[in-house]
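# Got a sequence here, can you build the structure:
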Amino acid sequence: MSFAQRRRFLWILFLVGLALLAVAANATTLARMRFDELAKQATAVARLRCLGAESFLERGEIWTETQFEVVERSKGLLPGLITVRTLGGSMGSLHSRIEGVPAFRPGDEAYLFLWGREGEPYRVLGWAQGTFRIARDPRTGMETVTQDSAAVPLFDPQTREFRPGGIRNLPLAIFQLKLRKALEEKTL
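Purely as a prediction, here's the structure:
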């Protein structure tokens, strides 16, 4: 192999290595959390309605703070209005989207498993795993719940595989029973 061929080969290896490093640095891997783990670790769980969101730049990252009206409290002491902070958002022509981080629009309703410290905005525990969107059938009025992580591949440490999982189109009443049971088990 000539010097020029070796140099070209090393440059290709270097560029491939840089590309792989960039992909790995931007990848998001979430370890699967069971429903009862979410209930146990959350400082608050509530049915919320999105009122609006505002994005801002902090230390070189775009963050979004979303304001919610508390519709129903299941765990924790929450005021009538709360703020939830998430990574990513839009500011003018800048857009930042992190896989697995929930985003909300005004009017969206969801059960959120929240984590927070006093004096700070809440965070969604487990991102997509702690977000349970509520949909209403326009014909019947029946409400169902779908976990955001139902569409996101999560790493299962027991099987050592990535696979989608989570709650899909569960009737709201059954979800509420499941939630009550998980919260009761936590206190036993």
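# the helices in the chain, which residues?
3-26, 35-41, 172-187 (DSSP state H).
# Any idea which of those helices has the lowest pLDDT on average?
When these are compared on mean pLDDT, helix 3-26 scores lowest, with a mean of 55.
# Need the pLDDT of the residue positioned nearest the centre of the chain.
In the chain, the centroid-proximal residue (C-alpha atoms, centre = their mean) is residue 127; its distance is 2.1 Å. As summarised for this prediction, residue 127 has a pLDDT of 94.
# now it: how far from residue 84?
Noted for residue 127: a distance of 11 Å to residue 84, by C-beta to C-beta, to the nearest Å. No exception for glycine: its C-beta is placed from N, CA and C like everyone else's.
# got it, and residue 133?
14 Å.
# Residue 40 too?
Distance, residue 40 to residue 84, by C-beta to C-beta: 20 Å.
# Residue 83 reaches residue 69, doesn't it?
No - using C-beta atoms under 8 Å, residue 83 and residue 69 do not qualify as a contacting pair, with a distance of 11.5 Å.
# Which neighbours do the two have in common?
Contact criterion C-beta atoms under 8 Å, 6 or more residues apart in numbering; no residue bridges residue 83 and residue 69 by contacting each.
# just to revisit the earlier point, between residue 133 and residue 84, which one's more packed in?
Neighbours were counted for residue 133 and for residue 84 using other C-beta atoms under 10 Å; residue 84 has more, 21 against 18.
# who's that one bridged to?
Per DSSP bridges, the residues bridged to residue 84 are residue 66, residue 122.
# Residue 99: neighbour count?
14.
# Same question for the one 10 residues further on.
Counted with other C-beta under 10 Å, residues neighbouring residue 109 total 19.
# Restrict stretch 53-67 to CA atoms and write it as PDB.
What follows is the C-alpha trace of stretch 53-67 in PDB, where atoms were taken according to Å, rounded to 0.1, in the frame of the first residue of the first chain:
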ATOM      1  CA  ALA A  53     -45.100  26.900  27.000                       C
ATOM      2  CA  GLU A  54     -42.100  29.200  26.700                       C
ATOM      3  CA  SER A  55     -38.600  28.300  25.600                       C
ATOM      4  CA  PHE A  56     -35.400  30.000  26.700                       C
ATOM      5  CA  LEU A  57     -31.600  29.500  26.400                       C
ATOM      6  CA  GLU A  58     -29.600  28.600  29.500                       C
ATOM      7  CA  ARG A  59     -25.900  27.600  29.400                       C
ATOM      8  CA  GLY A  60     -26.000  26.900  25.700                       C
ATOM      9  CA  GLU A  61     -29.100  24.600  25.900                       C
ATOM     10  CA  ILE A  62     -32.700  25.300  24.900                       C
ATOM     11  CA  TRP A  63     -35.100  24.600  27.700                       C
ATOM     12  CA  THR A  64     -38.900  24.800  27.700                       C
ATOM     13  CA  GLU A  65     -41.100  25.600  30.700                       C
ATOM     14  CA  THR A  66     -44.700  24.500  30.300                       C
ATOM     15  CA  GLN A  67     -47.500  25.800  32.400                       C
END
